[in-house]
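[1] with the sequence up front, the predicted model follows.
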Amino acid sequence: MSILKLNYIKYFLVFFLFIFFSCELPIDKEIEKAEKLIWSSGDEYPTVPKCENFVDAKKRFSCLHEYFNNYLISNLKDNSYLKDLKFNDSLKIKIIVDKNGKIYPEGIDFKNSENDNEKIKSIIYELLDSIPNIIPAVKTDYGVKVKSQFILPIILNIEYEF
């Protein structure tokens, strides 16, 4: 090989090493940012427009729970399948709200395992899918909307008399 080609290779290697080590890798930034995204007291929980007026975070979150409870219970009363059913149990519904405010039910646990009914689960999943998007949680340190998850406890008491 000629000396000229070796010089080009040497310059190319130096240039490549300079570029490689001077760039910040986006993976490192994402890991660093994810480590910093720890929930703090100033961050905002997901909410709905009627609950935005509450300044206290606990009252605001309590209002969101009440909104979900009222929505589910009022819509469950109108369901024709449940009119033939006698049901009294407490449920824990795991709900995920993405950063766009879309609601995804993650799971439903019945307190009394005998009441674990796939039909009731599917009806609740359908109702949760039909809830309009809500206002997502906000990480106030960064001013970004974030995905959040919480557990919604509900006491479901259905007794229809014929």
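    It's in.
[2] how is the protein carved up into domains?
    With domains defined by automatic domain parsing, the chain comprises 3-35, 40-159.
[3] is it possible to export those domains to a markdown table including mean pLDDT and mean neighbour count?
    Glycine gets a C-beta too; all of them are placed from N, C-alpha and C. Output for those, formatted as a markdown table (pLDDT from 0 to 100; neighbours: other CB atoms under 10 Å):
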| stretch | mean pLDDT | mean neighbour count |
| --- | --- | --- |
| domain 3-35 | 61 | 9 |
| domain 40-159 | 83 | 15 |
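[4] need the strands for this structure, in chain order.
    Remark: strands assigned in the chain by DSSP state E are 86-97, 103-110, 137-139, 144-146, 148-159.
[5] relative to I120, which of those is closest?
    For I120, the closest of the strands of the chain is strand 86-97, at 7.1 Å, according to CB to CB.
[6] if we can go back for a sec, any chance of a markdown table for the strands of the chain, columns distance to N69?
    Listed next are the strands of the chain as a markdown table, based on distance: least, CB to CB, whole Å:
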| stretch | distance to N69 |
| --- | --- |
| strand 86-97 | 10 |
| strand 103-110 | 14 |
| strand 137-139 | 19 |
| strand 144-146 | 24 |
| strand 148-159 | 6 |
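[7] looking at these, which is closest to V14?
    Short answer: strand 144-146, nearest of the strands of the chain by CB to CB, at 39.2 Å.
[8] which other helices and strands contact that closest one?
    strand 137-139 (3 or more CB pairs under 8 Å, 6 or more residues apart in numbering; DSSP states H and E).
[9] how far is the strand it packs on from where the chain is centred?
    Taking CA atoms, centre = their mean, to the nearest Å, the mean C-alpha location of strand 137-139 is offset from the chain mean by 11 Å.
[10] which strands and helices lie in contact with that strand?
    Against strand 137-139 (3+ CB pairs under 8 Å, 6+ apart) you get strand 144-146.
[11] ok, residues contacting the strand it packs on?
    For strand 144-146, the surrounding residues in contact (CB atoms under 8 Å, 6 or more residues apart in numbering) are 37, 99-101, 136-139.
[12] many thanks, we can stop here.
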